[in-house]
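# show me how the following folds:
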Amino acid sequence: MRKNVMESFPLKSHVKVKENRIKAWLFCRFKNAIFLAVVAALSLVTACDGKPSVRLSSSDLIGRVVKVADGDTITILDSSKTQHKIRLQGIDAPEKNQAYGDAAGRYLSGLVAGKEVRVAWGKRDKYNRILGTVYANGEEVNLEMLKAGYAWHYKRFDSTPAYAQAESAARAARRGLWAGLNPIPPEQFRHGVPSPSAAPGRVEYHAGRTLPVSARTPAPVNATWPDTGYWLSTNSNKRHNRNCENYRKTRGYPCQKNEGERCGKCGG
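As a prediction, this is how the structure comes out:
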């Protein structure tokens with residue numbers, strides 16, 4: 001009898017070990033279930049917030065925008081205090097000295113200036129600028145510039161369908177630069193390809209640039225250049241009213257109150 005009792009102890013010990021292993025396995029399964037539930041909850045919160053969930057990659061840059069050079073170029077400062085110049089990929093905004101150039105820069109500033117942005121990129125251009133897609137506040141900034149009508153879709157280097165659609169929609173609605181007459185793509189402007197001088201049926205007055213504005217002879221009032229009360233300078237796409245020193249004294253033609261951009265001096 002004593003022998004049988006002693007032989008039962010190893011059996012009880014073996015059962016105890018097996019029970020512990022089962023408990024450990026169940027505990028691990030429980031922890032995994034909790035982790036998956038938390039991840040699912042966070043994903044749901046992001047979706048309910050109305051902003052797209054963007055997955056970071058190893059080539060992404062995070063930084064604060066410290067400079068907006070124009071409508072498609074910004075500079076960001078990352079956490080290591082290193083500056084990176086970013087060229088928004090797939091779009092081409094008007095040059096600073098081109099019609100709507102200032103407006104495009106101001107619009108981009110409103111989207112990103114002083115804000116933390118994420119830049120998804122893969123290469124640099126010949127000027128060593130990072131070519132990237134910029135995200136701010138859950139929005140794709142490149143696309144927003146096209147939607148607002150302050151950039152062309154750079155079709156020679158990009159074939160994103162959403163970009164082409166955004167440009168077409170802005171053009172049809174005459175938003176941004178598409179409200180102007182005969183917009184010329186920045187690429188042509190940079191290479192000196194002249195813009196059409198005026199809308200069909202209009203004649204452009206060529207003012208002498210060698211004289212100061214005050215000494216220039218204004219455009220005569222006749223059938224070719226009627227006195228509408230507003231004058232559109234074709235070099236800047238600025239609209240001047242009759243109280244402005246540039247009225248009828250710059251290269252341009254008579255226009256209506258809703259054409260071009262308002263002159264900063266007279267208010268157009």
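
# so D60 makes contact with V117?
No - using Cβ atoms under 8 Å as the test, D60 is too far from V117 to be in contact (10.4 Å). (Each C-beta comes from the backbone N, C-alpha and C, glycine too.)

# the more surrounded of these two?
V117 (20 against 15; other Cβ atoms under 10 Å).

# how close does the residue lying closest to the more buried one once chain neighbours are set aside get to L111?
Closest residue to V117 apart from its sequence neighbours, by Cβ to Cβ, 6 or more residues apart in numbering: A136 at 4.6 Å. Taking Cβ to Cβ, to the nearest Å as the measure, A136 falls 6 Å from L111.

# what does V134 give?
Counting by Cβ to Cβ, the separation of V134 from L111 is 9 Å.

# give the residues shared as contacts by the two.
Common neighbours of V134 and L111, using Cβ atoms under 8 Å, 6 or more residues apart in numbering, are V141.

# which one of these two has more residues nearby?
Under the neighbour definition other Cβ under 10 Å, V134 and L111 were set side by side, and V134 has more, 28 against 19.

# kindly confirm my reading that the more buried one is in a helix.
No - the assignment for V134, made by DSSP: H, G, I helix; E, B strand; the rest coil, is strand rather than a helix.

# and A164, what does it touch?
Taking Cβ under 8 Å, 6+ apart, we find A164 in contact with H153, K155.

# how far out from the middle of the chain is the helix or strand harbouring it?
Assigned by DSSP states H and E, A164 belongs to helix 161-173. From the chain centre to the centre of helix 161-173 is a distance of 14 Å (Cα atoms, centre = their mean, to the nearest Å).

# which stretches of this protein form strands?
Under the criterion DSSP state E, the chain contains strands at 61-70, 73-77, 83-88, 91-92, 116-124, 130-136, 139-140, 152-153, 230-233, 238-241, 252-254, 261-262.

# now do the second one: which elements does it pack against?
Pointing back at strand 73-77 there. strand 61-70, strand 83-88, strand 116-124 (3 or more Cβ pairs under 8 Å, 6 or more residues apart in numbering; DSSP states H and E).

# just checking, what packs against the shortest one?
If I follow you right, that is strand 83-88. Strand 83-88 packs on strand 61-70, strand 73-77, strand 116-124, strand 130-136, helix 141-147, going by 3+ Cβ pairs under 8 Å, 6+ apart.

# could you give the angle of that strand to strand 61-70?
70 degrees (axes from the mean of the first three to the mean of the last three Cα atoms, to 10 degrees).

# strand 83-88: how far from the chain's middle?
12 Å.

# which residues does A162 contact?
A162 neighbours (Cβ under 8 Å, 6+ apart): L143.

# go on, the one 4 residues further on?
With contacts defined as Cβ under 8 Å, 6+ apart, A166 is in contact with L143, L146, K147, H153.

# any idea which of the helices and strands packed on strand 73-77 is most buried?
Here the criterion is mean neighbour count by mean count of other Cβ atoms under 10 Å, and of the helices and strands packed on strand 73-77 the winner is strand 83-88, at a mean of 19.

# tell me which strands that strand pairs with, and in which orientation.
Strand pairing for strand 83-88, determined by DSSP bridges: strand 73-77 (antiparallel), strand 130-136 (parallel).

# returning to that earlier point: just put the helices and strands packed on strand 73-77 in CSV and tack on distance to G180 and mean pLDDT.
Converted to CSV, these look like this (distance: least, Cβ to Cβ, whole Å; pLDDT from 0 to 100):
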stretch, distance to G180, mean pLDDT
strand 61-70, 17, 96
strand 83-88, 21, 97
strand 116-124, 29, 95
